[in-house]
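Novice: structure for the following, please:
(chains A and B)
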Amino acid sequence: MDIVVCVKRVPDLSEAELAIDRRSKRLDVSDLEAGINEWDNFAVEAAVRLKEAHGGKVTAVTVGDEEAEDVLRRALAMGADEALHVSDQAFADADPWLVANALCKALQGRPFDLVLCGAISSDGTSGHVGGMLAALLDVPQVALATALEVKGRKALVRHEVEGGLEREVELDLPALVTVQTGINEPRYVSVRGIRKVAEVEIPVKSAGELGLAAERRVRLEEMFLPPSGAGAEILEGDTDEVVGKLVERLRERGGL
Amino acid sequence: MGGLEGSALAPADASPFGLSGPLLHGVLLAITLATFAWILRRRIELLRLGAPDPRFDRLGERLKALLVVGFGQARQPRYPVAGTLHILVFAGFLILLLRSLTLLGEGFVPGFALPGLGGAAGEVYAALKDWTALVVLASCAVLAWRRVVVKPARFHDRHALRSHGAEAYAILGLISLLMLADALYEGSAMAREGGRTVALPLASLVALALGTSSAGTLDALHLSAFWLHNVALCFFACYLPVSKHFHVITALPNVFFSKLPPPGRVKPVQHGLAAGAEPERYGVRALEDFTWKHLLDFYSCTDCGRCSDACPSYNTGTALSPRMISVKCRDEAYVTHPVFGRASQGERPALVGGLIRDEELWACTTCGACEETCPVTIEYVDKIVDMRRTLVEEGRVPAGMQKALADVEKRGNPYGKLARKRGEWIQGGGEGCGVRLLDEGDSATLMWFTDSATAFDPRIQEVGRALGRVLAWAGQDVGTLGADEVDSGHEVRRVGEEGLFEVLRDTNREALGARSFERVITSDPHAFNALRNDYELDKPVLHHSQVLAELVAAGKLTLGPLDDGRTYTFHDPCYLGRHNGEYEAPRRVLDAIPGLRRVEMERSQERSFCCGGGSLYLFHESEGEERMGVKRVSMAEAAGAEVIVTACPFCLINFEDALKTTGRADRMEVVDLAELVARAAGARSREKPAEG
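Specialist: As a prediction, this is how the structure comes out:
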């Protein structure tokens, strides 16, 4: 079976002191490391495991700047067979609609049985791209998969729904599934593994080559750090007391 | 003392079943030699499939190891009973080897004597070997009693797939049979010829017992005993290389080909590979991927269990038993490379992941206690690292460790802290500690390679600043790389991520190369080991305990009394002590503190018990019944210590944690040597700063 997995390069925000560049309305990433979006990492692992079990081919696709190539190399090192890089200045600050369109165009003429996306990206956190792409490709879609199996021409998917419930569904292939973290244990990618795929040719397509108008439907107005709250409350007492007080407060304020 | 007339019938003159004695004996010997040579050939064939391993260098050191650890049995006395018995049996083996050769000669020549063992020398030897045989027999009896009755815990490994105990009984039985057959051979002749004497106690006892037998009976016994002995001897020789007693043949060569110091230097991916060249085999996936010496290790394992008895991981209930790595691999070698025929066609489990499970490999802290205690110098750390290289290559790395490795790759430290903040510990929000951040082109006398724990762990930053202050008081000119330093890669390499280690090493070497300094000081034994043994720097690398000992000896650091009435003990960090042989420097520093009362734990110095591992092991701890740190602080308490002094960030973290979780924090303390020196030197040095 042929699987396409969509990946995104995102800045690593953990431990970082975030700063906003007011002029470009963007996060100042000069100080930050970047890497594959966590959800996408699970999607790549899911794709490679399906290939290992059923045979076929995995193609990793990304929409991003030149540097985004490294997440494709990483996917190749994990076991993807091919990569496709959609790269254009026009994609700077692309909205989910533009990204979904770019992915759709990039996949034209490329037969697939299954498209896997991470459920959301850690930077944009809209969670829209998977759904939009499924609509553009006109295939059925399931979001937030926590288990994924393929039997013949059907996919069996367990996924999260509201209220902490999970649901198991069956859908005909071709289909698109967005993957929740924890669906598997992604393999480690060694420095040597990356080195081994350093020479693999990765085709690059520009917006023009894909016949893509850089149309955006969402405009960014402002980006800011949330104002600090009124202050924290420190609970006093021994452990039992503190736990009691905490539970009480969580109950009061709807946390439990 | 009288006997019957005449002399006993020599085996070479006898014709059992009407066949010539020498001819029969020749046939026995030919069959034995052919079988023995064939088995050995098959065993050597596997060694030849192994990876290269240069072990023919430094012959002087190798001979010394052979004499001390091999013939000298230096590692045996640690287990007083078993060790003494083994020394007796081993010495007996060497002495009786001559006797066995003589008896083989007697099959052809009546009254055969080895060159130099005729006449008076022969009589002395006869007495020596008779007494020896008695001692060996008695030892075998005690050894068998230990197996049947005493059953020390060490004998049974909780991870054993099957018992090799029967082989132990077989060998004890065979040895005893050889002793008894020879005694009967000698005794029957003595009964016929006379000459009972205390010089030959065993033969005399037998002769006494046979006292009234007829000449014919004695001759028959004499001949039967001879054949029994020599057939048993021939069987013994061929049985050794198909059992766990192959060590009788391979142990001495194995000791000769030991890994020579420093033990902390880890095996490269492939020996003799040019820098940057791609290795033919990466990591150990199958038995044949081990080096020939590591395969010889498997042959040499005696299944004695001392390694696992010393192993902190085995002792805290994890999946690891180093002994089983050797035993399982030897069993696998015997199955897949059988003496006769081909290996069975059935599917074998994968070596890495099947026969040896991932959890076993991740449970090792590379502390080296197993290797240090092995009487036949079997290596484990290098093998485990080699197998982990395969796990890393295949991506089978536990999640916690993946995160740490990813952080090391991206940010140069396993804590995920920002790389540019690496030098901020020096100030620590306070007055600083006199350590300078060196830009490219700058110089300092001492280059402090801090490594990630000192740079980023809040508790270890305190230790770092204490050391900085002490060095400043002693007038030392100390600089550090700050944000240009990345993790030393010590654990990264031992986890099996060689590619990442190479990147880290090269980054650090470049940063060091861009500054001038005379010596490197490290405050972490792991960094010490990495820079000293893995980096191949052209400058001396010291651990802070060594620098402190130097400063104390040179009078640049004066230590005052602590006057706290407490009892101190020093915990030897694995990579300072066992892996680099430095036991004295930290103790000299402690003893320079006036009035400090210091006790030793039972497991101290080369027997030190790992705290639970450093660096990446903080991010992935194997499941066990008890934590190593907890076990270790119990040992310190049992020794009567109230303060555990160590000289390693991870020992400090693990022990502080163990004191808290076991409710000992109110009566015990753990400090780094540098902190203790800061306390003892504090007031005095500030009043009278030493001259630079």
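Novice: how about the residues of the stretch 451-600 of chain B near chain A?
Specialist: By Cβ under 8 Å from any Cβ of the partner chain, the residues of the stretch 451-600 of chain B that approach chain A are B:497, B:498, B:499, B:500, B:502, B:503. From N, CA and C alone the C-beta is placed, and that goes for glycine too.
Novice: nearest to residue B:84 among those residues?
Specialist: residue B:498 (43.4 Å; Cβ to Cβ).
Novice: burial count for that closest one?
Specialist: 25 (other Cβ atoms under 10 Å in any protein chain shown).
Novice: in helices only, show me the residues of the stretch 451-600 of chain B next to chain A.
Specialist: B:498, B:499, B:500, B:502, B:503 (DSSP state H).
Novice: which of the residues you listed has the most neighbours?
Specialist: residue B:498 (25 neighbours).
Novice: what residues are up against it?
Specialist: Residues near residue B:498 by Cβ atoms under 8 Å, 6 or more residues apart in numbering or on different chains: A:192, B:269, B:389, B:392.
Novice: in the chain, where is pLDDT below threshold?
Specialist: With no chain named, the answer covers chain A. Counting by pLDDT under 70, chain A contains low-confidence residues at A:255-256.
Novice: was after chain B, sorry
Specialist: B:1-6, B:345, B:429, B:614-615, B:683-692.
Novice: how about the residues of it near chain A?
Specialist: Counting by Cβ under 8 Å from any Cβ, chain B sits next to chain A at B:282, B:392-397, B:399, B:402, B:405-406, B:409-411, B:416-418, B:420, B:497-500, B:502-503.
Novice: how much space between residue B:316 and chain A?
Specialist: Using Cβ to the nearest Cβ, to the nearest Å, residue B:316 is found at 25 Å from chain A.
Novice: among the contacts of residue B:498, which are located in helices?
Specialist: Short answer: the contacts of residue B:498 in helices (DSSP H) are A:192, B:389, B:392.
Novice: closest to residue B:583 among the residues you listed?
Specialist: residue B:389 (30.9 Å).
Novice: can you count the residues close to residue 230?
Specialist: Answering for chain A, as no chain was given. Residue A:230, neighbours per other Cβ under 10 Å, totals 6.
Novice: wait, I meant chain B there
Specialist: Residues near residue B:230, counting by other Cβ under 10 Å: 24.
Novice: buried set for the strand or helix carrying it?
Specialist: Using DSSP states H and E, residue B:230 sits within helix B:215-239. Under the neighbour-count criterion of 16 or more other Cβ atoms under 10 Å in any protein chain shown, helix B:215-239 has B:218-223, B:225-230, B:232-234, B:236-239 buried.
Novice: just confirm residue B:567 contacts residue B:643, I think it does.
Specialist: Yes: at 7.2 Å, residue B:567 counts as touching residue B:643 under the criterion of Cβ atoms under 8 Å.
Novice: residues from chain A in reach of chain B?
Specialist: So chain A meets chain B at A:12, A:14-17, A:31, A:33, A:35, A:78, A:185-195 (Cβ under 8 Å from any Cβ).
Novice: which residues of the chain fall in strands?
Specialist: No chain specified, so I'll use chain A. For chain A, strands defined by DSSP state E occupy the ranges A:2-7, A:9-11, A:20-21, A:26-27, A:34-36, A:57-63, A:82-86, A:114-118, A:141-151, A:154-160, A:166-172, A:175-179, A:204-205.
Novice: let me rephrase: I mean chain B.
Specialist: B:436-437, B:446-449, B:478-480, B:519-522, B:541-543, B:567-570, B:597-599, B:643-646, B:669-672.
Novice: mean neighbour count for those strands - can I get that in a markdown table?
Specialist: Below are the strands of chain B laid out as a markdown table (neighbours: other Cβ atoms under 10 Å in any protein chain shown):
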| stretch | mean neighbour count |
| --- | --- |
| strand B:436-437 | 17 |
| strand B:446-449 | 24 |
| strand B:478-480 | 23 |
| strand B:519-522 | 22 |
| strand B:541-543 | 23 |
| strand B:567-570 | 21 |
| strand B:597-599 | 15 |
| strand B:643-646 | 26 |
| strand B:669-672 | 23 |
